[in-house]
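In: Show me the folded form of this:
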Amino acid sequence: MVFPGTPYDESPYVEAVVQRHRRPLHRLTPTFEDTIAALDLTCWFQDEPIASAAVIAHYQMLQMIRGQGFKVMLNGQGADEILGGYDKFYWPYFKELSRTKPWNLPAEIAGLLRRSPPSWPDAWRRFRHSRSQPATPAWLQPSFVPPPEQLFHRSRDNDVLSCSHHLLREVGLPVLLQYEDRNAMANGVESRLPFMDHRLVAYCLSLPAEDKIRHGVRKYMLRRAMAERLPKAVLHRYDKMGFPTPQVEWMERHPEVFLERLKKVTNNSDIFTGALLPLAQATLERKGRAFYPVIWRVAAFGAWAGHFL
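Out: Numbers count the residues shown, from 1 in each chain. This next block holds a predicted model:
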């Protein structure tokens, strides 16, 4: 799945792998119109509101796979969780090193800054957000009571292992596996996850942290294991996109679509207040991106509610 001309396009890495292993390439380029058209159907199959356009793009990808005649596929879900593949592993890793091998800490931090310099404003914003207790926004009805904090087990992530456990059991992977399974079954595709073999999971969780992150390189052991099989451009790539779509750009180019959907939600829901619509209007007009995930999720809630409420 590629998006030419956007910052999210990973075509060069895809083509490098295809050329290296001489495999056929099946390319999917979802448009905004395709994605919005598939929103309601994806919510139906997921049986709940969806968090981002990536879930729809994933559904479209499974649809293409089935259309090509494939009934079984392999997927890499779980590798990041058991092998330290996310940026969020750095802080637990540094905390762990400060207790166990403090003499290695300066070199590891220097390796990170050299290979994958973080965005300090973004890092500070995430740090502040993780320690704040946000107030109930004005666009939610006072009668809507958020669930108590104790329902959500926020991990302290004091080391790499606890971070992996949290991602595997509480947040992250359970949601991704649900998306994976329901989208695959909706298209009659069996999606199998080799990295989730319980023996491999147990083995990787038993490994020391420095086998997973070293000198700022995430998934260090996996990279070494694949050194003879992956193109250099992929092997030595240190940024991570996840499963990105041009969702924000789409919202900026087509604000009327989202405003119309939000209008229907606020007119027919006991959860959202009328304050939501002018806030969304102002956000889209000034192209301030901080509120965009909320706009998307409320629109997706409307699509789900249209089926089930």
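In: Who are the contact partners of the spatially most central residue of the chain?
Out: Nearest residue to the geometric centre of the chain (CA atoms, centre = their mean): residue 242, 5.4 Å. By CB atoms under 8 Å, 6 or more residues apart in numbering, the contact set of residue 242 is residue 54. All C-beta spots, glycine's among them, are computed from the backbone N, C-alpha and C.
In: quick one: contacts for the closest residue to residue 272 other than its chain neighbours?
Out: Using CB to CB, 6 or more residues apart in numbering and skipping the chain neighbours, the partner closest in space to residue 272 is residue 266 (5.0 Å). Taking CB under 8 Å, 6+ apart, we find residue 266 in contact with 272, 273, 274, 276, 277.
In: Among those, name the buried ones.
Out: Those of these that meet the buried threshold are 272, 273, 276, 277, by 16 or more other CB atoms under 10 Å.
In: how about the contacts of residue 266 in CSV, adding pLDDT?
Out: Formatted as CSV, the contacts of residue 266 follow (pLDDT from 0 to 100):
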residue, pLDDT
272, 85
273, 83
274, 81
276, 84
277, 86
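In: Does residue 65 touch residue 74 like I think?
Out: No - using CB atoms under 8 Å, residue 65 is not in contact with residue 74; the gap is 11.3 Å.
In: between those two, who's got more neighbours?
Out: In terms of neighbours (other CB atoms under 10 Å), residue 65 is the more surrounded of residue 65 and residue 74; the figures are 20 against 9.
In: What distance do you get for that one to residue 177?
Out: Distance, residue 65 to residue 177, by CB to CB, to the nearest Å: 17 Å.
In: now swap in residue 196 and tell me
Out: Applying CB to CB to residue 196 and residue 177 gives a distance of 8 Å.
In: Do a quick rundown of the helices in the stretch 101-250 of the chain.
Out: Here the stretch 101-250 of the chain has its helices, by DSSP state H, counting those that start in this stretch, at 105-115, 120-130, 160-169, 173-186, 198-206, 220-225, 232-235, 247-253.
In: quick one on the thing from earlier: tell me which residues in the helix or strand the residue nearest to residue 272 falls within are buried?
Out: Assessed by DSSP states H and E, residue 266 sits inside helix 255-267. Buried residues in helix 255-267, counted by 16+ other CB under 10 Å: 255, 257, 258, 261, 262, 265, 266.
In: per-residue confidence at the residue lying closest to residue 3 once chain neighbours are set aside?
Out: Using CB to CB, 6+ apart and skipping the chain neighbours, the partner closest in space to residue 3 is residue 9 (5.0 Å). On pLDDT, residue 9 comes in at 90.
In: ok, then the element right after the helix holding residue 266?
Out: Next along from helix 255-267, by DSSP H and E: helix 276-286.
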